[in-house]
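mind folding the following:
(chains A and B)
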Amino acid sequence: MNIRITLPDGAVKEVPQGISALDIARMISEGLARNVLAARVNGKVQDAALPLNEDAELQLLTWNDTDGKKTFWHSSAHLLAEALEALYPGIKLGIGPPIDNGFYYDIDFGDYKFSSEDFAKVEAKMTELAKQENTFLRSEVAKADAIAYFTEKNDPYKLELIQDLADGEITFYQQGNFTDLCRGPHIPNTGFIKAIKILNTAGAYWRGSEKNKQLTRVYAITFPKRAELDEHLQMLEEARKRDHRKLGKDLEIFTFDDDVGPGLPLWLPNGAQMIETLETFAKKTEKEAGYQRVKSPHIAKESMYLKSGHLPYYAESMFPPMELDGERYYLKAMNCPHHHKIFAAQQHSYKDLPLRYAEYGTCYRYEQSGELFGLMRVRSLTMNDAHIYCTEAQFEQEFMAVNALYLKYFKVFGIEKYVMRFSKHDPAKLGQKYMNMPEKWQKTEEMVRKVLVSSGIPFVEVEDEAAFYGPKIDIQIWSAIGREFTLATNQVDFAQAERFDLYFTNEKSEKERPLIIHRAPLSTHERFIGFLLEHYAGNFPVWLAPRQVVVLPISDKYMDYAQSLCGFLKKYDIRAFVDERAEKAGKKIRDAEVAKIPYMLIVGEKEAGSGEVSVRKHGGTDLGSMNQLAFAELIQAETEI
RNA sequence: GCCGAUGUAGCUCAGUGGUAGAGCACUUCCUUGGUAAGGAAGAGGUCAUGGGUUCAAAUCCCAUCAUUGGCUCCA
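This is a model prediction of the structure:
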C-alpha cells in the first residue's frame, strides 16, 4: 500500500507504507541522506529512521534547521553520558538537554571532583565512541520495566523522572552499551558527531530547586564538521573581546574597588560622560513626550516601604535598615513610593491627568552575591525611571505611548533583535508573591494584552513573572555576545494607588484611583552602558563616544596649532583633546585606534600653514584635509539624533 | 545563598617549597617625526586578607574577602 508524502516545496511523493524519512531522503539524493539528522512529520520532530505509516507532511531536518541542531546536540548529550559512564563508573545521571549553543548533562559524580583537567580525556572517549557509528535505537518500555532497569542501575534521578511519566509514554534510547530514558528524537547514529568540545562545568540544583542536591553540570558543544567547531571557538573568542567588563576597563569607563564594595561601580570620567550624554538625550525626549522631572532622596522611613508593600514582599532584596532617632530608614530599592508621595502632595483633577513624573533615580538593591555580574547586575543602580498616573480611560493610550518610546529608543541605538515578554501573575501565588486582588489582575492583564495586540508588536506571554503590584512587559534583548537579559520594563500598577491612598477628582466630583504605569525604557545606566559597550563593541557612534576627537600634532612644533584647533572644536561642544606626548604620529594613531576614538585630526606643517585639519576616522579611513569649520559641521551633523 | 574555578606591578600574564619576573602603561632623558608601536634609563609588589605546616611559603593546608562559570533569584 502506498502513502502520500508532501514535502515543504509542495511536491507529493507516492511511497510504500512503512518507508522512513531517511529512505525518502535517499530517494532525493545520497548527499541529502548523509545530512539528515531528524524529520518533522506533520509538525512533530521525530527520528528520521521511524517508519511512516500514513499520508504526511514531511520536512527533512539537517544541521541548517534549529530542530536539526537540537536533535544533534541532544544525541551528543547521550554520547557525553556514555563516555562519562565509561570513564567514571557508578556516576548517576540527571538530565541532558540541548541548549541554544550546545548541550549539557547534569551528573552526580559522588565524591569525585570532576574538573577541567578531565575534559581532554572525556573528549577523547566521546570521539572514540562516536567513531563506532552506533545507531540510536528507540524502544518503548513499560513503566514497570523502566523502573526495574533504573533500580538495577541504581539511578535515583531517572527513577524520579519515571515516576512522573505515564505508562505507555516511556521510551529508552540505546547507543552502543549505553541506555538512557529519553523522549527523543535522535540522529541516526553517533558517527555524525565529528567535533567535540567540553566547555565548562557548573553546579546545578537537581530539577532547579535549591532544596535539592546540587549536581555537576557539564557543558559541551559538538559539530558535524571540525571547521565549524573552530569557527565557533573563534566566535567565543570574539565575544570575549567585546565583553563589557573587558571593554569597560580598556576604555576606562568604570571600575570596582574592594574598599567600596561588591556591585558598587565607580564611573571613571569616560563613563560619567556617557551617563551625561544619555541623560541629556533622555531628558530631552521625555520633555517632548510630556514628562515632568522630579527629584527624591535615596532613603526613606520604614513606614513608607510598609505602605508600598515593598517590605513584606521584597525585604530580602533591600539593604538592611539603619536606625536613627528611633526610626528605621531604608535605602530605596525603587523610586516609585517617592513618586507616589510627590503625587499625593498635591490635589489632582482628572483634567491634570495623565501626570508623568520622571527621574533618573539611584536605587540600592541587595542582590545575592552570586548574582552580581559586571555592570549588568549591581547593587547601586540609576534608573531611567518614570511613573505615569492616569485614568483607566487614558491607560491604553499611555501604555501605547510608552511602547512607542521604547521603539524610538531602540531605533536610535540600532537595537533590532528583542522580544517583548508579557509577564503575568500566577493565580496560585496570590497573597504571597502577588497582591491578593484577583479582579485587578484579570482586568489589567486584559488591558495590556489588548494594547500589545493592537500595536502589532510580537510578544510572548509568561506566567508567574509579573511584579507584585501588577503585570508588566519586559524587553528581553541579546547583547552581541548572545547573552539575554531584561533591558527595559513597562509595568502596570493597580495596587499602590490604593495603598498610598492616591486619588484624583473625577468629572462627577468623586475621588477616583489613578492607574499607574512604571517604565524604564533605558533601563539603568549600569545595565544600559554595559549593554552598549557590548552592542557597539566599544565603537560608539560619535554622539555617544565619551571622547569624540583627538588632535595629533606631528611634532611639538605644531602644539600651539593643535591647542587652538582643540579650543575651536570645544566651542562647538565637540569633546576633543590633544595628544601632547612626545611620540611619533604612528604611535599616537595606534593609541587612538586602540582607544576607539571616532576621529583623529593629524596636524603638522601643512595643516598649521593652511589652517586645515587632516581627518582620519577610527578604523583607518582617511577623509583627507578640510578646513576647521567643515570638520566641526561634519561632527555636528553626525551627532544629531 | 549554593557548586566549581580564579586572585602575583596600573593592565595582560609567567613563576609549584630556597634572593619576586616579563611585556605594555608610568616617570626622566635622547629623538621632533606624516596615518596602527623610535631609543635608553628609572620607579613601581606585605604575591587578596588572616591563620597554620615547614629551617624556609607566592607556591602546601584552613578560613575569610573579592572576581568569575553556572544554579537559584531578579521590583
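
helix, strand or coil for A:R183?
Here A:R183 is recorded as coil under DSSP: H, G, I helix; E, B strand; the rest coil.

residues contacting it?
For A:R183, the contacting residues are A:T171, by CB atoms under 8 Å, 6 or more residues apart in numbering. (Glycine included, C-beta is placed from N, CA and C.)

ok, it to RNA strand B distance?
Distance from A:R183 to RNA strand B, counting by CB to the nearest atom of the strand, to the nearest Å: 20 Å.

ok, stretch A:351-367 near RNA strand B or not?
Yes. Residues of stretch A:351-367 contacting RNA strand B under CB under 7 Å from any atom of the strand: A:365-367.

top of the residues you listed by neighbour count?
A:R365 (18 neighbours; other CB atoms under 10 Å).

ok, the residue nearest to the spatial centre of chain A - contacts?
Taking CA atoms, centre = their mean, the centroid of chain A lies closest to A:E484, which sits 1.5 Å from it. Each residue near A:E484 by CB under 8 Å, 6+ apart is listed here: A:476-478.

look up phi and psi at A:H518.
According to degrees, to the nearest 10, the main-chain angles of A:H518 amount to phi -100, psi 130.

what is the burial count for the residue nearest to it when sequence neighbours are not counted?
Closest residue in space to A:H518, ignoring its immediate chain neighbours: A:Q491 at 4.2 Å, by CB to CB, 6 or more residues apart in numbering. Neighbour count for A:Q491, taken as other CB under 10 Å: 23.

isn't there a helix covering A:Q491?
No. Per three-state DSSP, A:Q491 lies outside any helix segment and is strand.

that one contacts A:F468, correct?
No. In this structure, A:Q491 is not within contact of A:F468 by CB atoms under 8 Å, at 10.3 Å.

quick check: bridge partners of the residue nearest to the centre of chain A?
Beta-bridge pairing of A:E484 under DSSP bridges involves A:W478.

coming back round to it: closest to RNA strand B among the residues of stretch A:351-367 next to RNA strand B?
Nearest to RNA strand B among those: A:R365, at 4.7 Å, using CB to the nearest atom of the strand.

show me where the stretch 151-300 of chain A has strands.
A:171-175, A:178-181, A:195-205, A:214-223, A:254-255, A:266-267, A:292-293, A:299-301 (DSSP state E, counting those that start in this stretch).

the first one pairs with which strands, and in what direction?
I take that to be strand A:171-175. Strand pairing for strand A:171-175, determined by DSSP bridges: strand A:137-140 (antiparallel), strand A:178-181 (antiparallel).

could you do the fourth one as well?
On the basis of DSSP bridges, the sheet neighbours of strand A:214-223 come out as strand A:102-108 (antiparallel), strand A:195-205 (antiparallel).

up against RNA strand B, what does the stretch 451-600 of chain A have?
Contact residues, the stretch 451-600 of chain A versus RNA strand B (CB under 7 Å from any atom of the strand): A:465, A:467-468, A:472, A:486, A:489, A:491, A:518, A:554-557, A:581-587, A:589-590, A:593-594, A:600.

tell me the domain ranges of chain A?
A:2-62, A:67-239, A:254-299+A:333-535, A:549-638 (automatic domain parsing).

distance to A:D325 added to these, as a markdown table?
Formatted as a markdown table, these follow (distance: least, CB to CB, whole Å):
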| stretch | distance to A:D325 |
| --- | --- |
| domain A:2-62 | 66 |
| domain A:67-239 | 39 |
| domain A:254-299+A:333-535 | 13 |
| domain A:549-638 | 46 |
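
now these as TSV including mean pLDDT?
Formatted as TSV, the domains of chain A follow (pLDDT from 0 to 100):
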stretch	mean pLDDT
domain A:2-62	86
domain A:67-239	87
domain A:254-299+A:333-535	90
domain A:549-638	95
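
circling back: now, the residues of the stretch 451-600 of chain A next to RNA strand B that are in helices?
A:585-587, A:589-590, A:593-594 (DSSP state H).

most surrounded residue in those?
A:I589 leads those on contacts (other CB under 10 Å) with 18 neighbours.

contacting residues around that one?
A:I589 neighbours (CB under 8 Å, 6+ apart): A:552, A:600, A:602, A:616.

weed out the non-buried ones from the contacts of A:E484.
A:477-478 (16 or more other CB atoms under 10 Å).

just give me the closest of the contacts of A:E484 to RNA strand B.
The nearest one, if we look at the contacts of A:E484 relative to RNA strand B and count by CB to the nearest atom of the strand, is A:Q476, at 10.3 Å.

next one: phi and psi at the closest one?
According to degrees, to the nearest 10, A:Q476 has phi -90, psi 130.

what about the nearest residue to it once chain neighbours are set aside, which SS state?
Distances taken as CB to CB, 6+ apart place A:V419 nearest to A:Q476, at 4.6 Å, with adjacent residues excluded. Assigned by three-state DSSP, the conformation of A:V419 is strand.

end-to-end on stretch A:292-308?
The first and final residues of stretch A:292-308 sit 22 Å from each other (CA to CA, to the nearest Å).

likewise stretch A:34-50?
16 Å.

go through that stretch and flag the buried ones.
A:35-41, A:45-50.

quick check, nearest of these to A:E439?
Relative to A:E439, the closest of the buried residues of stretch A:34-50 is A:V45; by CB to CB it sits at 41.3 Å.

contacts for stretch A:299-314, please.
With CB under 8 Å, 6+ apart as the criterion, stretch A:299-314 contacts A:318, A:321-322, A:327-334, A:336-338, A:340-341, A:433, A:435, A:468-469, A:495-496, A:499-500.

likewise stretch A:9-17?
A:1-7, A:23-24, A:27, A:51-54.

gap between it and the chain center?
Here the centre of stretch A:9-17 is set off from its chain's centre by 42 Å, with CA atoms, centre = their mean, to the nearest Å.

in it, what counts as buried?
A:V15.

repeat that for stretch A:18-37.
A:19-26, A:33, A:35-37.

report how many residues lie close to A:A315.
15.

in three-state terms, how would A:A562 be classified?
Per three-state DSSP, the secondary structure class of A:A562 is helix.

same thing with A:V615?
strand.

OK, contacts around it?
A:599-602, A:622-626, A:631, A:634.

buried subset of the residues you listed as a ChimeraX selection?
Typed into ChimeraX, the line below selects the buried ones among the contacts of A:V615, using 16+ other CB under 10 Å:
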select /A:599,600,601,602,626,631
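
RNA strand B: which of the contacts of A:V615 is nearest?
Nearest member of the contacts of A:V615 to RNA strand B, counting by CB to the nearest atom of the strand, is A:I602, at 4.2 Å.

name every strand pairing with the helix or strand harbouring the closest one and say which way it goes.
Assessed by DSSP states H and E, A:I602 sits inside strand A:599-603. Here strand A:599-603 has these sheet partners by DSSP bridges: strand A:549-553 (parallel), strand A:612-617 (antiparallel).

most tightly packed of those?
Counting by mean count of other CB atoms under 10 Å, strand A:549-553 has the highest mean neighbour count of those, with a mean of 25.

now do it against helix A:585-594, angle only.
With axes from the mean of the first three to the mean of the last three CA atoms, to 10 degrees defining the directions, strand A:549-553 sits at 170 degrees from helix A:585-594.

follow-up on the earlier one: so which of the strands paired with strand A:214-223 is nearest RNA strand B?
Nearest to RNA strand B, of these and by CB to the nearest atom of the strand, is strand A:195-205 at 2.6 Å.

show me the contact partners of that closest one.
A:76, A:80, A:102, A:104, A:106, A:114-116, A:119, A:122-123, A:126-127, A:130, A:211-226, A:228-229, A:232-233.

please apply the same query to stretch A:330-344.
With CB under 8 Å, 6+ apart as the criterion, stretch A:330-344 contacts A:294, A:296-302, A:304-305, A:307-308, A:310-311, A:314, A:317-319, A:321, A:355, A:357, A:359, A:361, A:363-365, A:383, A:385, A:387, A:389, A:493, A:496-497, A:500-502, A:514, A:516, A:518.
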